[in-house]
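Asks: what would the 3D arrangement of this be:
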Amino acid sequence: MDDWYRTPDWDEAARADFEQRLASARSSRPQYLKIKALTLQGAGLLDEAKGLYQRVLAEHPGDFQEVEVLEHLADLARAQGRLEEAEHSFRRVLAHPDVNILGSGMVEVSLAEVLIDRVLPREAKEMLHAASENEIAMDAVTAFYANFFRFHLARARVASLLGDIETAAEAARSALSVVSAPDQYSRHPGVGAVHADEHTLRELQALVP
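Replies: The predicted structure is shown next:
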């Protein structure tokens, strides 16, 4: 199988097969580990994905994928409710010298979301301001409607927590403006589209007078 590192299987036989193929690989081992981890993460096997991401860092220190792997580990910590760890991890990513070259561009926004989850709106506001001042971050925000939605949803929640009703309404309108927008890239239908649950949409709608 050419894509042996892309399957979501991770039972005993699958693990043995993966390790055998990995050991036989002449190159790209950190990439195989990362892609397998991403696949497991997508399949909901978060602890298993975490283990593989950590192997990339431990077995291949300094690899060019380090920033991406650190960011995935921070995402996992947040997904598993380990918010303090997630905050620390995202700050570690931001401190990495290659974050603006190899990161997703959404690290400030992700950290702001964690700070909102921790009910630290002033700190979250600082992160969103940092994102707005970072050309790389704003390129990422505008690249996909989903990122644009996340950025303005975070702005709306921060403003609401701080009692800034006018800014909350403006940010909510911005977020809602892309919910049902046509495909951003006609040759790639659905790429970057917003997938928001009804609770979140109601939350935003409630902020708009």
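
Asks: use CA for all of it now, contacts and neighbours both
Replies: Will do.

Asks: what's the helix or strand for His199?
Replies: If you go by DSSP states H and E, His199 is part of helix 198-207.

Asks: buried sites along that helix?
Replies: Within helix 198-207, the residues that count as buried by 16 or more other C-alpha atoms under 10 Å are 204, 207.

Asks: chain center to it, what's the gap?
Replies: 22 Å (C-alpha atoms, centre = their mean, to the nearest Å).

Asks: do stretch 138-155 as well
Replies: That offset, for stretch 138-155, works out to 12 Å (C-alpha atoms, centre = their mean).

Asks: before we move on, what about stretch 162-182?
Replies: The answer for stretch 162-182 is 21 Å, by C-alpha atoms, centre = their mean.

Asks: now do it, average pLDDT.
Replies: For stretch 162-182, mean pLDDT rounds to 97.

Asks: what residues does that stretch touch?
Replies: Stretch 162-182 has contacts (C-alpha atoms under 8 Å, 6 or more residues apart in numbering) with 121-122, 145, 148-153, 155-160, 193-196, 201, 204-205, 207-209.

Asks: in helices only, show me these.
Replies: Members of the contacts of stretch 162-182 lying in helices (criterion: DSSP state H): 121-122, 145, 148-153, 155-160, 201, 204-205, 207.

Asks: for this structure, which residues score under the pLDDT cut-off?
Replies: In the predicted model, the chain carries pLDDT under 70 at residues 1-2.

Asks: quick check: phi and psi on the most centrally placed residue in it?
Replies: Closest residue to the average C-alpha location of the chain: Asp75 at 5.6 Å, with C-alpha atoms, centre = their mean. For Asp75, the backbone dihedrals (degrees, to the nearest 10) come out as phi -60, psi -40.

Asks: do Asp47 as well
Replies: phi -60, psi -40.

Asks: same check, this time on Trp10
Replies: phi -150, psi 30.

Asks: how many other residues sit next to it?
Replies: The number of residues packed near Trp10 is 15, by other C-alpha atoms under 10 Å.

Asks: please name the nearest non-neighbouring residue to it.
Replies: Ranked by C-alpha to C-alpha, 6 or more residues apart in numbering and with sequence neighbours excluded, the top spatial neighbour of Trp10 is Leu40, at 8.0 Å.
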